[in-house]
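Peer 1: Return a 3D structure for these sequence lines:
(4 chains)
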2 protein chains.
Amino acid sequence: MKQEINENTENKILEAANTVFEKKGYDGTKMQEIADKAGINKALLHYYFRSKDKLFEMIFSMAFNKLVGELKFLFDEDIPMIEKVKIFIDRHTDFIAKNRYLPLFIVNEINRRPEIFVKLLSGIYEKDDRLHRLLGQIEKETKAGILKPFDPRQVFLNMIALNIFPFAAKPLVAGLLKMSNEDFSRFIAERKKIVTEIIINSIAAK
Amino acid sequence: MKQEINENTENKILEAANTVFEKKGYDGTKMQEIADKAGINKALLHYYFRSKDKLFEMIFSMAFNKLVGELKFLFDEDIPMIEKVKIFIDRHTDFIAKNRYLPLFIVNEINRRPEIFVKLLSGIYEKDDRLHRLLGQIEKETKAGILKPFDPRQVFLNMIALNIFPFAAKPLVAGLLKMSNEDFSRFIAERKKIVTEIIINSIAAK
DNA sequence: GAAAAGTTTAACCAAAAAGTTAAACCGAAT
DNA sequence: ATTCGGTTTAACTTTTTGGTTAAACTTTTC
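Peer 2: Got it, this is the predicted structure:
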C-alpha cells in the first residue's frame, strides 16, 4: 500500500532525526546527515518535513513526552509510596540507561530556546487531579505513621537527579573516576540499590 | 602601558567568549556575537585569537579547571569528613548557583567531542597521593567508628548530582513544578540542608 | 617626532548548509 | 495504459559564517 511506504519513510526519517538531534543538538545537526542516516536524499527529506525547524519541533515534542511519560507511573498506580518509589527508581534508571542522550537533549534545548517548552507544558496539566491524588496519598501515609513529613518536590528532584546525572555526564564521570566501561556498568548496577536506599530513607518514618 | 591595554582587550574577549560559549555551546556560538559582546570587531577578534577553535580550546580548558578546581577542597583540607562534607556542599552549591551554565557546558562539549577532554584529564592526576590521603582519612574514620563503610565514588557522585542538576535543569524543573523565580530560590535554599542531611546520613555511623 | 602596536573600517573570499526546482523515474491502483 | 504519489538526481540559489586583507587611523613608546 502507498500509505505503508509513506509511513515507513516517515518513520525512518523520524528515527534518524531523533538520533542525530538527540546526540548533537539543534545547532550541531545537519539536514544532510539526517537524510544520510535515513537512507534517503535531502530533497525527499524536505518533501516530508518542510524545514529543519518543523522537523525539530516534532522530534522535540516527541522526546519531551517520552521523558515526561516515564513519570506518569508515579501518579497513576495505586500502591504504597515506599513500594512505588522502589519500582519507579528501578524502571526509571533502566529507561535513562537506554536513552542516555534524552535528558541532556531536553534540558539543553529548553535552556537555549525556552519558548519551545511553553506549549508542551500546558499539555501536561490537563489532569491536575492526579497530582492531588498523589499528594493525598502521601498525606494519608504520613498520618498513618508510614512516612515522615517531607517536601515531595525535593524528593522527586532527588530521584531524577541521582538517576539522570551519571548517564548524562558519563564521559566526564568515568574520566574523573578513571572507570572503564565495565567499571561503569558495575558502578551503575550498584547505584540502583544505593539510590533507592537514600530515597526510602528520606521519606520512611523510622 | 601596552600590556595593560593588551590584557584588557584580551580579557574582554575571554569574558565575552566565555559567556557566549557557556550558554550556547560551540556549535551555537558565532564569532560575531563574541566580538559584539566584547565591544570590538571581528578583525580584532581574529587578531588576538586566530580561530574559533583556538579560542574555544582556551575557554574550555579554563572552564574545566574552574569546575574541577572546586573539588580540590575535598582533598586538601585536613578536617573530619563529616565537617568537610558539610562545608563542601555549602560552597559547591553556591558556586554552581553562580555558574549555572558551567557544568552543562562541560558535560555537553565532552559528550560531543571527547578528545578535547583527554589532555585536560591527565593534568589533574599529577598529585595522585592526595587521593590516597583522602581514602586513608576515610578508612581511619571508618575504623574509628565515626563513618560507616561506603563507596566514596558513589557518595561523591551523589553530592555533585544533587547539587548540579537543579541548576542545570532549572527551566525544566521550575516549569514542571510550576515554580516562580522566588519559589525556586526558596526551594534551593531549603535544598542545601536536605542534601547535606542525605549525604551525611549515607556516610555517618549510626 | 617617528616607529611600533593596537584598532577600526569595509570589503572581500570560501565553505558550509538550508532550502528550491525541474526533470525523470518507478511502482501501484484504477 | 495511464495516472499519481513517492522518489531520485543534480544542479542551483541563498544565507550564514569563519576567516582574510589592506588601508587608514589612534595610541603608546622611545
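Peer 1: switch to C-alpha atoms for all contacts and neighbour counts from now on
Peer 2: Noted.
Peer 1: Centroid-nearest residue for chain A?
Peer 2: Centroid-nearest residue in chain A, with Cα atoms, centre = their mean: A:Leu67, separated by 2.9 Å.
Peer 1: who touches that residue in this structure?
Peer 2: A:102-103 (Cα atoms under 8 Å, 6 or more residues apart in numbering or on different chains).
Peer 1: Next SSE downstream of the strand or helix carrying it?
Peer 2: Here A:Leu67 sits within helix A:52-69, counting by DSSP states H and E. Using DSSP H and E, the helix or strand that directly follows helix A:52-69 along the chain is helix A:72-76.
Peer 1: and for that following helix, what are the contacting residues?
Peer 2: Contacts of helix A:72-76 (Cα under 8 Å, 6+ apart): A:84-85, A:88, A:130-131, A:133-134.
Peer 1: Just give me how far that helix sits from the chain centre.
Peer 2: 14 Å (Cα atoms, centre = their mean, to the nearest Å).
Peer 1: The helix or strand just after it vs chain B: in contact?
Peer 2: Note on helix A:72-76: by DSSP H and E, the next helix or strand toward the C-terminus is helix A:81-98. No - Helix A:81-98 is not in contact with chain B by Cα under 8 Å from any Cα of the partner chain; minimum separation 14.4 Å.
Peer 1: Run the contact check for the following helix or strand past helix A:81-98 versus chain B.
Peer 2: Per DSSP H and E, the first helix or strand lying C-terminal to helix A:81-98 is helix A:102-112. Yes - Helix A:102-112 is in contact with chain B by Cα under 8 Å from any Cα, via A:107-108, A:110-112.
Peer 1: wait, which of those residues is closest to DNA strand D?
Peer 2: Lowest distance from DNA strand D to the residues of helix A:102-112 next to chain B (Cα to the nearest atom of the strand) belongs to A:Arg112, with 14.1 Å.
Peer 1: Neighbours of the residue nearest to that closest one when sequence neighbours are not counted, how many?
Peer 2: Once flanking residues are discounted, A:Arg112 sits nearest to B:Lys24: 6.8 Å by Cα to Cα, 6 or more residues apart in numbering or on different chains. B:Lys24 has 19 neighbours, counted by other Cα atoms under 10 Å in any protein chain shown.
Peer 1: correct me, but B:Lys24 touches A:Asn111?
Peer 2: No - assessed by Cα atoms under 8 Å, B:Lys24 is found out of contact with A:Asn111, at 9.0 Å.
Peer 1: Low-confidence ranges, chain A, go.
Peer 2: Under the criterion pLDDT under 70, the flagged ranges of chain A are A:1-7, A:127.
Peer 1: what's the domain layout of it?
Peer 2: What automatic domain parsing lists as the domains of chain A is A:1-53, A:70-203.
Peer 1: possible to save those as CSV with distance to DNA strand C?
Peer 2: Below are the domains of chain A laid out as CSV (distance: least, Cα to the nearest atom of the strand, whole Å):
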stretch, distance to DNA strand C
domain A:1-53, 3
domain A:70-203, 16
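Peer 1: right, so of these, which gets closest to DNA strand D?
Peer 2: Taking those one by one with Cα to the nearest atom of the strand, domain A:1-53 is closest: 4.2 Å.
Peer 1: Next, work out how far apart A:Thr9 and A:His46 are.
Peer 2: 12 Å (Cα to Cα, to the nearest Å).
Peer 1: Please report phi then psi for the residue nearest to A:Arg112.
Peer 2: Main-chain torsions, B:Lys24, degrees, to the nearest 10: phi -110, psi -10.
Peer 1: List the buried residues in stretch A:185-192.
Peer 2: For stretch A:185-192, burial by neighbour count (16 or more other Cα atoms under 10 Å in any protein chain shown) applies to A:187-188, A:191-192.
Peer 1: now it, how far from the centre of its chain.
Peer 2: Distance of stretch A:185-192 from the chain centroid (Cα atoms, centre = their mean) equals 19 Å.
Peer 1: List the neighbours of that stretch that are in contact with it.
Peer 2: Contacts for stretch A:185-192 (Cα under 8 Å, 6+ apart): A:89-90, A:93, B:154.
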